[in-house]
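Engineer: need the 3D shape of this:
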Amino acid sequence: MASYEDLDAFKACHQLALAVHTLTEGLDEIDPELSAQLWGAALIAPSRIARGSAFRNRKMFWACVDRSLAALYEIEYHLKMGYTMGLISQEEHHHLESLRGRAVFYSVKLVMDLIAPPPPPPDPEDTAKA
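Structural biologist: Prediction:
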């Protein structure tokens, strides 16, 4: 299995986490609770993918990526709340939602790969004939 750093889902979640960190640096003084919740969810998304890849077990990996997806939807809510309260600009909201959507896309793709049955091992008779 590839290193978690090579996975598109991890890369997208990591990029989102870095962008959320930039936002929360300024949000900390205005609404520390929202900032902490947003930053916490942003940290969970890539870290669960990294953790899951270490299990080397498809079901365990899937469960971790599923938790990453939950964190991505939690981020959606926190961004919506911050935008509604006027704490996050429309430009920031749009940028972060775009990154979040990309992370969701690649995370769902990874889940689909993990729940698909693994390819069967090669038939020894076929390799002997070749």
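
Engineer: ok, how many other residues are close to the closest residue to residue 80 other than its chain neighbours?
Structural biologist: Take residue 80 and drop its neighbours on the chain: the residue closest to it by CB to CB, 6 or more residues apart in numbering is residue 93, 7.9 Å away. In this view, the C-beta of every residue, glycine as well, is placed from N, C-alpha and C. Neighbour count for residue 93, taken as other CB atoms under 10 Å: 17.

Engineer: so where is the chain shaky, pLDDT-wise?
Structural biologist: Across the chain, the ranges flagged by pLDDT under 70 are 1-2, 126-130.

Engineer: relative to residue 67, how far out is the residue nearest to residue 80?
Structural biologist: Distance, residue 93 to residue 67, by CB to CB, to the nearest Å: 24 Å.

Engineer: show me where the chain has helices.
Structural biologist: 8-27, 32-55, 58-84, 90-115, 124-129 (DSSP state H).

Engineer: extract the CA atoms of the first one and return them as PDB.
Structural biologist: Extracted in PDB, the C-alpha atoms of helix 8-27 (Å, rounded to 0.1, in the frame of the first residue of the first chain):
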ATOM      1  CA  ASP A   8      -4.700  12.300  -3.000                       C
ATOM      2  CA  ALA A   9      -7.100  12.300  -0.100                       C
ATOM      3  CA  PHE A  10      -4.300  13.000   2.400                       C
ATOM      4  CA  LYS A  11      -2.800  15.700   0.200                       C
ATOM      5  CA  ALA A  12      -6.200  17.500  -0.200                       C
ATOM      6  CA  CYS A  13      -7.000  17.200   3.600                       C
ATOM      7  CA  HIS A  14      -3.500  18.500   4.400                       C
ATOM      8  CA  GLN A  15      -3.900  21.500   2.100                       C
ATOM      9  CA  LEU A  16      -7.200  22.300   3.700                       C
ATOM     10  CA  ALA A  17      -5.700  22.000   7.200                       C
ATOM     11  CA  LEU A  18      -3.000  24.500   6.300                       C
ATOM     12  CA  ALA A  19      -5.500  26.900   4.900                       C
ATOM     13  CA  VAL A  20      -7.800  26.500   8.000                       C
ATOM     14  CA  HIS A  21      -4.800  27.200  10.200                       C
ATOM     15  CA  THR A  22      -4.200  30.500   8.400                       C
ATOM     16  CA  LEU A  23      -7.800  31.500   9.000                       C
ATOM     17  CA  THR A  24      -7.900  30.400  12.600                       C
ATOM     18  CA  GLU A  25      -4.900  32.500  13.500                       C
ATOM     19  CA  GLY A  26      -7.000  35.600  13.000                       C
ATOM     20  CA  LEU A  27     -10.200  34.000  14.300                       C
END
